[in-house]
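> Have a look; sequence and predicted model below, questions after that.
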Amino acid sequence: MNALSQTERQTLSRAVLEIDVNNHAGVMSHVVGLFSRRAYNVEGILCLPLADSGQSRIWLLVNEDQRLPQMIKQVEKLEDVAAIRRHNADHAVFQNLEAFFRA
Amino acid sequence: MTETLTGAQITVRLLERQGIHTVAGIPGGAILPIYDALGQSTQIHHVLARHEQGAGFMAQGMARSTGRPAVCLASSGPGATNLLTAIADAKLDSIPLVAITGQVPKAMIGTDAFQEVDTYGLSIPITKHNFLVSSAEELLEVIPRAFAIAASGRPGPVLVDIPKDVQMQAIEIAAWPAPGEHQPAPVADGWALSEAAGMINAARRPILYLGGGVVHAEAAAEAVELAEKADLPTVMTLMALGAMPVDHPLSLGMLGMHAARYTNLALDECDLLIAIGARFDDRATGKVAAFCPQAKIIHIDIDPAELDKIKTAHVGITADIREALIRLLPAVAASERTEWRQRVAALKAEHPLQMPGCDDPLSHFGLIRTVAACLDNEAVIATDVGQHQMWVAQAYPLRRPRQWLTSGGLGTMGFGVPAAIGAALAEPQRTVVCFTGDGSILMNIQELVTAAEENVNLKIILMNNATLGLVHQQQTLFYGERLFASQFKATPDFVKVAQGFGIAAVDLDQAANPCAALMEAINRPGPCLIHASIDAEQKVYPMVPPGAANRDMIGA
């Protein structure tokens, strides 16, 4: 029918969000709460502090969905969010992590 | 010169520096240090509510009537959970609120300590922002910021959770931070504004659609000026009532589920919808795909996330509404749209709002109109939630922004009485009227004693049909008349209840001259409950059935 592998299909239907936030307890709850209340699954999360800045960076792997533009606007409104950038699913950040995610 | 103060004293001082004169709350173990400090304040009057939800709605009443952030206080655990409904209500209606809660000492957080609950976690989805304060120093930044966040942009509630040990921690203060103030919004895109002006000038059948944002932005005068200059028939959401006087020649009143038929029919024909500070709520739009099907849309809102959320705008502008309107006005041509005005007038003549029984003060519409006849535009009109709320929205001649206090987004029964008390506390020179129902009033009836204690100038009009009226109506219309759990088998004697709580009460059912009794009750200073029985078979009509298009209304 078509020549897409499952991985490729997932790649096409996913997006990566890069979110700069203030680094304190509770920020992650604010961000992921916006997704969970809409039953919008977050497929992957990475978060580490940014050196010497008081900020952290959250990377989210999410499914493409018609609600995604609204989600990005809602995340942008959070007081502790400094910036949000949208990338394609082929972004390097979630690559090469498979080794840590084998059942 | 430095002074040594505790976190509790710092909190109270920062509230004083914000210009706060009245707060509502209930003390409890985890917030006692703040109450101890509050007791020493000569500036702040503390109103002791009888339930934290009442305190939250009193603060809402203060904020809604003045436009400035208001403060409510509660202890940890049940105190905080009882506040949540009032906070969620403020979030949905964009009301600036600062809620301060006590929390168990930091070392006990997470141990399931007595009256410990995750207030921070619980309040995340229902606040604009929230804080868990970890030191007394932090209060100096957090409290002003809480006020700035509550008042800036799209207003909303902010919660500050303060552990008891932080309240007791003493630190030296050398200098005080500036009070947190409203921060200016980004300026409107000039190109988009001129695009909008061009669309308004070119439109043949435009309608101006005002939302609560017009009231929040203090932009009602500018909105009316735009309507008059461009000759725009104007509809208002429930939240915007009063932004344009409902008897203004351009006003088509409220739109949506319980609008007059002609209002929704006019929207159906418009070729341009100019949405200002409105969010296309489902009760306003009905079935979205069929809402203003022929119209291009201009959408101006301070919250960028509202643009394109429900309806895609042809021109979307993120801005402070007042600033945007002031800049839009010179670019809009003075117009006379005789043909469109005549068409709207014809729709109005053919499908007017029906108000049967309007002359009988013991009918629902008649009672509302008689109350209105006793008052001028300076009065504040609050409601609870239900049939009475919609009837007042349809029938009361609201003419002033901030005259109208109602729970729109969350639709919280129990809102009315405490919100009205809050408005009366904030604006003691005004008469405050609260229309309520027998279902709603029981959800915060304990605040009658607060009304008595504060001797507020509050007149509660209780429209008693011994049912949950809107449930009764929906079961009758859409559930095969299977009435279940919507009729009260036992009903209290509300006149005695009010008197038992220490406020005057009048029963219009028993009055030889109901009009005279009503006028006398309204003109007598202080709190009073005015009881009137209402026919339980009366419906809020017309009505857009759930899920239907606004043009397909039923009844009247």
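Thanks, I have the structure now.

> low-confidence ranges in the chain?
Went with chain A since none was named. Counting by pLDDT under 70, the ranges of chain A that qualify are A:1-12.

> where exactly do the helices run in it?
A:6-12, A:27-36, A:68-77 (DSSP state H).

> and what of the stretch 101-250 of chain B?
Using DSSP state H, counting those that start in this stretch, the helices of the stretch 101-250 of chain B run over B:119-123, B:136-151, B:164-168, B:190-202, B:212-216, B:220-230.

> For chain B, what's its nearest residue on chain A.
Residue of chain A nearest chain B, by CB to the nearest CB: A:K73 (3.9 Å). Heads up, the C-betas are built off the backbone N, CA and C, glycines and all.

> list the contacts for that residue?
B:304-305 (CB atoms under 8 Å, 6 or more residues apart in numbering or on different chains).

> Please determine how far the spatially most central residue of chain A is located from A:I72.
Nearest residue to the geometric centre of chain A (CA atoms, centre = their mean): A:L60, 1.3 Å. Between A:L60 and A:I72 the computed distance is 10 Å (CB to CB, to the nearest Å).

> which residues do the two both contact?
A:L17.

> what sits against B:A333?
B:200-201, B:230.

> repeat for B:D320
If you count contacts by CB under 8 Å, 6+ apart, B:D320 has them with B:184-185, B:187-188, B:217, B:302.

> What of B:V471?
By CB under 8 Å, 6+ apart, the contact list for B:V471 reads B:485-486.

> chain center to the host helix or strand of it: distance?
Under the criterion of DSSP states H and E, B:V471 resides in helix B:469-478. Chain-centre distance of helix B:469-478: 25 Å, with CA atoms, centre = their mean, to the nearest Å.

> Now that helix: average pLDDT?
The average pLDDT within helix B:469-478 is 98.

> same check, this time on stretch B:170-181
In this model, stretch B:170-181 has a mean pLDDT of 97.

> what about it, start to end distance?
With CA to CA, to the nearest Å as the measure, stretch B:170-181 spans 26 Å from end to end.

> who's in contact with it?
For stretch B:170-181, the external contacting residues (CB under 8 Å, 6+ apart) are B:2-7, B:10, B:13-14, B:17-19, B:136-137, B:140-141, B:143-149, B:151.

> Kindly report the same for stretch B:437-446.
Around stretch B:437-446, the neighbours that count as contacts under CB under 8 Å, 6+ apart are B:50-51, B:53-54, B:57, B:384-388, B:413-418, B:460, B:462-469, B:488, B:491-492, B:494, B:497, B:501.

> Can you name the secondary structure element that comes next after the strand or helix carrying B:E520?
Applying DSSP H and E as the criterion places B:E520 in helix B:514-523. Next in sequence after helix B:514-523, counting helices and strands by DSSP H and E, comes strand B:528-533.

> Skip the chain neighbours and tell me the closest residue to B:E339.
B:R204 (7.7 Å; CB to CB, 6 or more residues apart in numbering or on different chains).

> returning to what we had before: now do the helix or strand following the helix holding B:V471: which elements does it pack against?
Using DSSP H and E, the helix or strand that follows helix B:469-478 in sequence is helix B:494-500. The helices and strands touching helix B:494-500, judged by 3 or more CB pairs under 8 Å, 6 or more residues apart in numbering or on different chains; DSSP states H and E, are strand B:458-464, strand B:504-507, strand B:528-533.

> Just the C-alphas of helix B:494-500, formatted as CSV.
The C-alpha trace of helix B:494-500 is given here as CSV (Å, rounded to 0.1, in the frame of the first residue of the first chain):
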residue,chain,number,x,y,z
PHE,B,494,-36.8,31.2,54.0
VAL,B,495,-38.3,34.2,55.8
LYS,B,496,-37.7,32.6,59.1
VAL,B,497,-34.3,31.4,58.0
ALA,B,498,-33.2,34.9,57.1
GLN,B,499,-34.6,36.3,60.4
GLY,B,500,-32.8,33.5,62.2
